[in-house]
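Q: build me a model:
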Amino acid sequence: MFSPVYFKNYKMLKLDRIIYRSEDVLYKSSAIILVLMGIYVAIISLIDFVTKMNSVSTIENTLGLVENILLILVLASLVHTVRLTIISKKLRPKPYLIVGIIASLRRLIILTVEASIAIEDEQKYDFEKVLLEIGVLTLVVLVLVFAIKVIKSGNLEDEST
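A: Next comes the predicted model:
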């Protein structure tokens, strides 16, 4: 009545549905965890900022707050990217590349401010390492921008990976 091929295909379809649902659960769980992390970082940074107002210099306190705000923006960008993946059911590289650019720029900003604070306070600071990190981060940003340009010009955005 039913051939072995039918049963094999039926089992594959069932396995495919299980994998499909599992993938959906993992993406949604990741998004929820990222949102919770963002909320946690926001609450902790506000508490930290208020409690350190009188004990730490204004510049250092503000730098810590700005660093955490930029981290929250990276987390929000990741949530947006995961949400796009859930909606479209396609893994698109461009949003992840943009998140990489934002994270690299976040680190560049923090490095630059920390270096300028160290110069003003005449603290011992390893500027060779800082310059190397700034150079590497700049190179990373350029490579990521180039990758986005390649994706746009080659219409690779429509393909699922």
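
Q: where does the prediction get shaky in this structure?
A: Scanning the chain for pLDDT under 70 picks out 1-12, 155-161.

Q: which stretches in this structure count as strands?
A: Counting by DSSP state E, the chain forms no strands at all.

Q: which stretches in this structure count as helices?
A: Ranges of helices within the chain are 4-51, 58-88, 93-120, 127-154, based on DSSP state H.

Q: mean neighbour count for those - can I get that in a markdown table?
A: Using the backbone N, CA and C atoms, a C-beta is placed for each residue, glycine as well. Formatted as a markdown table, the helices of the chain follow (neighbours: other Cβ atoms under 10 Å):
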| stretch | mean neighbour count |
| --- | --- |
| helix 4-51 | 12 |
| helix 58-88 | 16 |
| helix 93-120 | 16 |
| helix 127-154 | 13 |
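
Q: residue 55 versus residue 92, what's the distance?
A: 46 Å (Cβ to Cβ, to the nearest Å).

Q: between these two, point out the one with more neighbours.
A: residue 92 (18 against 7; other Cβ atoms under 10 Å).

Q: show me what stretch 74-93 is in contact with.
A: With Cβ atoms under 8 Å, 6 or more residues apart in numbering as the contact definition, stretch 74-93 has outside contacts at 24, 27-28, 30-31, 34-35, 37-38, 41, 95-96, 98-99, 102-103, 106, 147, 151, 156-157, 160-161.

Q: ok, the residue nearest to residue 52 when sequence neighbours are not counted - contacts?
A: Computed as Cβ to Cβ, 6 or more residues apart in numbering, the closest residue to residue 52 that is not its neighbour in sequence is residue 61, at 5.1 Å. The neighbourhood of residue 61, defined by Cβ under 8 Å, 6+ apart, consists of 49, 52-53.

Q: from residue 48, how far out is the residue nearest to residue 113 when sequence neighbours are not counted?
A: With sequence-adjacent residues excluded and distances taken as Cβ to Cβ, 6+ apart, residue 113 is closest to residue 63, at 5.5 Å. Going from residue 63 to residue 48 by Cβ to Cβ gives 12 Å.
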